[in-house]
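In: please find the sequence and the predicted model below.
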Amino acid sequence: MEPIIQLDGVGFRYELPREGKSDWSLRGIRLTVHRGEHLAVMGPNGSGKSTLAKLLNGLLIPSEGCIVVDGLDTRDGKTLPAVRRKVGMVFQNPDNQIVGTTVKDDVAFGMENAGIPRKEMLERIREVLDRVGLNGLEASSPHHLSGGQKQRLAIAGVLAMRPEVVVFDEATSMLDPAGRKEVLQAMEELHRTGTTVIHITHSVREAFCAERVLILENGKIQWQGSPRELFLQSEEVCRWSLEVPLAVELKNRLRERGLPVRQDIVGTEELVETIWTLLSRN
Ligand SMILES: Nc1ncnc2c1ncn2[C@@H]1O[C@H](COP(=O)(O)OP(=O)(O)OP(=O)(O)O)[C@@H](O)[C@H]1O
Ligand SMILES: [Mg+2]
């Protein structure tokens with residue numbers, strides 16, 4: 001698999017560390033993100049997830065080590081605008097990301113700054129609003145949209161810049177269940193069409209959609225593997241204060257009662273099937 005982002009020995013410390021916190025918010029990060037990958041990043045509060053996200057698109061520059069995005073070193077000021085176009089970010093709060101008075105202006109904002117010609121801009125606006133399902137709302141005020149729609153608008157603005165990678169930093173955490181679903185669907189669509197997706201989340205269910213999960217703890221990568229592997233390690237999952245999926249919890253209880261339920265079950269469907277088989281045996 002071809003790498004799209006490579007981090008080598010990356011450390012970061014903020015100029016003014018918060019009281020009682022260690023100097024280094026991230027330390028010794030070695031990581032390769034592959035082109036087209038769907039990566040979930042999890043870990044306790046303050047473990048460095050948002051710092052990592054900001055380093056990936058050059059909002060922050062490593063204090064040590066280096067990050068190369070699609071061949072560009074983020075320490076090189078000359079190519080930094082290109083890095084920021086390549087790695088789009090969608091943040092947690094839908095309201096903080098609105099920059100235009102209409103949906104159309106909002107999507108146009110980044111492109112105007114990048115000096116994209118008007119004709120091209122109009123084409124891209126149509127294309128990206130279509131992709132996130134907001135076509136027909138061009139003239140609406142973003143403030144009147146639902147939370148899920150606002151986040152989809154933020155995604156449209158990012159997509160208009162034709163990014164290689166989109167980082168979602170807890171982009172679903174302030175939404176109601178319907179809004180979450182909309183954003184997760186948009187994320188899946190991006191992945192399906194070849195965009196690299198990095199999804200920072202506290203939600204185990206959301207991390208399940210990813211191909212690889214990375215756990216940060218105290219600024220270090222503590223673990224990485226498939227979502228399935230993660231939930232077979234219940235002790236660690238507790239230590240990292242991640243919530244265990246319902247199916248895993250139920251499986252553990254059934255096994256405690258001595259029922260013949262396989263240890264490697266992590267999904268609801270597999271568990272239902274197993275219970276069904278158990279019931280039909282008696
Ligand atoms: N602007 C800042 N100035 C100083 N220290 C900061 C700043 N932002 C974050 N930190 C510190 O860096 C560390 C990592 O913070 P970061 O926000 O990256 O964690 P996080 O994993 O995203 O947490 P959360 O789950 O709460 O969003 C923490 O110790 C935090 O206190
Ligand atoms: Mg954060």
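Out: Sure, I can see it. Residues are numbered from 1 along each chain as shown. Ligands and ions are numbered 1, 2, ... in the order given.
In: so Leu39 bridges to which residues?
Out: When bridges are called by DSSP bridges, Leu39 pairs up with Ile198, Arg212.
In: identify the residues contacting it.
Out: Val33, Thr196, Val197, Ile198, His199, Ala210, Glu211, Arg212, Val213, Leu214 (CB atoms under 8 Å, 6 or more residues apart in numbering). Using the backbone N, CA and C atoms, a C-beta is placed for each residue, glycine as well.
In: closest to ligand 1 among the residues you listed?
Out: Distances from ligand 1 to these, taken as CB to the nearest ligand atom, are shortest for Leu214 (11.7 Å).
In: which of the contacts of Leu39 are buried, as a PyMOL select command?
Out: PyMOL command restricting the contacts of Leu39 to the buried ones, with burial defined by 16 or more other CB atoms under 10 Å:
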select buried, resi 33+196+197+198+199+210+212+213+214
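In: reformat the contacts of Leu39 as CSV; add pLDDT and distance to Lys49.
Out: Shown next, in CSV, are those (pLDDT from 0 to 100; distance: CB to CB, whole Å):
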residue, pLDDT, distance to Lys49
Val33, 98, 14
Thr196, 98, 17
Val197, 98, 15
Ile198, 98, 10
His199, 97, 10
Ala210, 95, 14
Glu211, 95, 18
Arg212, 96, 15
Val213, 95, 12
Leu214, 95, 9
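In: quick check: buried residues in the helix or strand hosting Ile5?
Out: For Ile5, the host element (DSSP states H and E) is strand 3-12. Using 16+ other CB under 10 Å as the test for burial, strand 3-12 gives Ile4, Ile5, Gln6, Leu7, Val10, Gly11, Phe12.
In: return only those of those residues found close to ligand 2.
Out: Among the buried residues of strand 3-12, no residue sits close to ligand 2 (CB under 5 Å from the ion).
In: farthest pair within those residues?
Out: Ile4 and Gly11 (21.5 Å; CB to CB).
In: report the contact partners of whichever residue of the stretch 51-200 of the chain sits closest to ligand 1.
Out: Nearest to ligand 1, among the residues of the stretch 51-200 of the chain, is Thr51, at 3.4 Å (CB to the nearest ligand atom). Each residue near Thr51 by CB under 8 Å, 6+ apart is listed here: Phe12, Ser25, Leu26, Leu60, Gly219.
In: ok, residues contacting stretch 124-131?
Out: Counting by CB under 8 Å, 6+ apart, 103-104, 107-108, 111, 116, 135, 137-138, 156-157, 159-160, 162, 186, 189 sit against stretch 124-131.
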